[in-house]
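Asks: Quick check, what structure comes out for this input:
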Amino acid sequence: MITQEQFQKEVDLIIKNAIREDVGDGDHSSLACIPAHASGKAKLLVKDNGILAGVNFAYQVFQYVDKDLIVEKFIDDGEQIVNGDVALYVSGNSQSILKAERLVLNAMQRMSAIATKTHEFAKILKGTNTKILDTRKTTPGLRALEKWAVKIGGGENHRFALYDMIMLKDNHIDFAGGITKAIDKTKQYLKEKDLDLKIIVEARNLDEIEEILSNSGVHRILIDNFNYEDTRKAVKMINGKCQTESSGGITLETAKLYADCGVDFISSGALTHSVYNLDLSLKAV
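Replies: Predicted coordinates:
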């Protein structure tokens, strides 16, 4: 994963671009009917059940819009929420509160949905040695927030993007002329570029597991779309020589069965691409 400093830069870019997109040359609805120096207070009302995520992001948004806005947190990221809870109060310039409102809600609703789904996976995997991972199947431009939400929900982040880890999947392998050629070319490339990146290689069957194991320098094998029996065989073949990761349509119903096969990780794109936003609203008080 990228450094915390790089991650924060991504978050800063999201805030800057989202406010640009939403506010443009001014929030004319507020400018038209609310005096410039009017002050007010609003509460972030929870209208759903789940895991809250995005409170600390909301604070950054309010501060970006107006450093004089005061945020009082009552529920923090990662905590259970139920319908009727109040997550925070924000007070200060009324126009500033309204300018930040939609970005705060859009982000927190989606982040909370992702954290809630991740929490469900983490709960199912509790007691096993398997951790749930996200993927790059994220909303363009919002990856940092969605991966942040996965962490809040109790999951782990996979690579952030194409530049911070090597993942040789089926297309890479086929275009390169095979597994061994793909690995050899990758190791040579990393040496020439003086890059220290971990290498993950996808396997489509047990024969490919065997070929991957005949090469050195592989950090993790991606056991993709295997059934339970073959997953167990793959884990036995790998025998701790490198990390193991199961992927491919794994659901809440099947996650524990794959974990029981002994894999180190399960990755699920559904954490970020198949969620329904939790219902939150910002109400003047």
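
Asks: now stretch 81-101, how far from the chain's geometric center?
Replies: Using CA atoms, centre = their mean, to the nearest Å, the mean C-alpha position of stretch 81-101 is found 24 Å from that of the whole chain.

Asks: any chance you could map the helices in the protein?
Replies: 4-23, 28-33, 55-65, 94-125, 143-152, 170-176, 179-193, 206-213, 228-238, 255-259, 270-273 (DSSP state H).

Asks: Out of those, which is the most enclosed?
Replies: Across these, averaging neighbours per residue (mean count of other CB atoms under 10 Å) puts helix 143-152 on top, at a mean of 24. (C-beta placed from N, C-alpha, C; glycine too.)

Asks: angle of it against helix 55-65?
Replies: With axes from the mean of the first three to the mean of the last three CA atoms, to 10 degrees applied, the angle from helix 143-152 to helix 55-65 works out at 150 degrees.

Asks: Give me the angle between helix 143-152 and helix 94-125.
Replies: Using the same axes, to 10 degrees, the inter-axis angle of helix 143-152 relative to helix 94-125 is 50 degrees.

Asks: Now do helix 143-152: everything it contacts.
Replies: Contacts made with helix 143-152 from outside it, assessed by CB atoms under 8 Å, 6 or more residues apart in numbering, are listed as 7, 10-11, 14, 51, 53-54, 57, 77-78, 107, 110-115, 118, 134, 136, 138-139, 156-157, 160-161, 271-272.

Asks: Check the residue nearest the centre of the chain and give its pLDDT.
Replies: Residue closest to the average C-alpha location in the chain (CA atoms, centre = their mean): K147, at 1.8 Å. Confidence per residue is given as pLDDT, and for K147 that number is 98.

Asks: how close does it sit to I2?
Replies: According to CB to CB, to the nearest Å, K147 stands 10 Å off from I2.

Asks: Spit out the residues that contact those two alike.
Replies: Contacts common to K147 and I2, judged by CB under 8 Å, 6+ apart, are F160.

Asks: Contact partners for D85?
Replies: 45-46, 74-75.

Asks: and it, backbone torsions?
Replies: Its backbone dihedrals place D85 at phi -70, psi 150, with angles given as degrees, to the nearest 10.
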